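Asker: Just need the structure, nothing else, for what follows:
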Amino acid sequence: MTLDKSAIRNAATVIVLRNRFEDPHVLMGQRGSTAAFMPNKFVFPGGAVDPDDAVIPLASPVPEVCRARLAEDADSSLIHAMSAAAIRELWEETGLVLGRPGDWTGDVPGDWKTFAATGHVPAAHPLQFVFRAITPPGRPRRFDARFFLVDADEVASDLDDFSAACDELSHLQWIALPKVREFDLPFITEVVLAEVAARAHDREPPKSVPFFRNNEEESLFLRLGGVGPMTGRKHG
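Answerer: The predicted model follows:
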């Protein structure tokens, strides 16, 4: 099947925050110079949802308030797949495990075999939904990306061991929040980082989530779960 490059694909991005109360750092890596989407930019780990993500067993779901925000202006059946995609992308691109010790039953889909081999089942309860953005028209790839904040204390593996990572991101490193803007960042990453900085000392998931929605007619900055004129709502 040929991928429609103009289609907007659902995607999950993971922002891992380390030492959030003493000296907050975020995990980022650099995309390759030949990448079709955001070449050379420093980004958070993440990527498109795969079909198998919808059937992956989860040891725990995302927090209820996050489920409510994820369901706004979206198909609620995507919540499970989006959660699994975030965990898979974090594993593939950094080698970090977000899960609980446990054994898998039945056949394990190809993209999940190496994760299952670590002896963990993916756990989504540490995922805090903090931002949503749709790539503007005219870009070589377009994504409807949900950004999830994760406290590094929830990671089940060595935070400094990236040996299991694929080669999609290079120069993986923990970057101090005040230093991040010294790197070559996409615009939307800078916007998300401002939200992360504001939430660095708050362990609870947000009750409202910024939504940067771009379509062919207009660009809107909304809030999912907000109140007043900036509230994100379904549009027919």
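Asker: could you pull out the helices for the protein?
Answerer: 64-71, 78-94, 113-116, 187-199 (DSSP state H).
Asker: Would you check that residue 45 makes contact with residue 169?
Answerer: Yes - shown here, residue 45 and residue 169 form a contact pair, counting by CB atoms under 8 Å, at 6.5 Å. Bear in mind the C-beta positions are built from the backbone N, C-alpha and C, glycine included.
Asker: shared neighbours of these two, which are they?
Answerer: The contact sets of residue 45 and residue 169 overlap at 29, 93, 94 (CB atoms under 8 Å, 6 or more residues apart in numbering).
Asker: what's the neighbour count on residue 74?
Answerer: Residues contacting residue 74 under the criterion other CB atoms under 10 Å number 19.
Asker: Same question for residue 118.
Answerer: 15.
Asker: Could you report the separation of the closest residue to it other than its chain neighbours from residue 189?
Answerer: Leaving aside its sequence neighbours, residue 118 sits nearest to residue 97 (CB to CB, 6 or more residues apart in numbering; 5.4 Å). For residue 97, the distance to residue 189 (CB to CB, to the nearest Å) stands at 24 Å.
Asker: do the same with residue 10
Answerer: Distance, residue 10 to residue 189, using CB to CB: 19 Å.
Asker: Residue 7 now?
Answerer: 22 Å.
Asker: do the same with residue 43
Answerer: According to CB to CB, residue 43 stands 6 Å off from residue 189.
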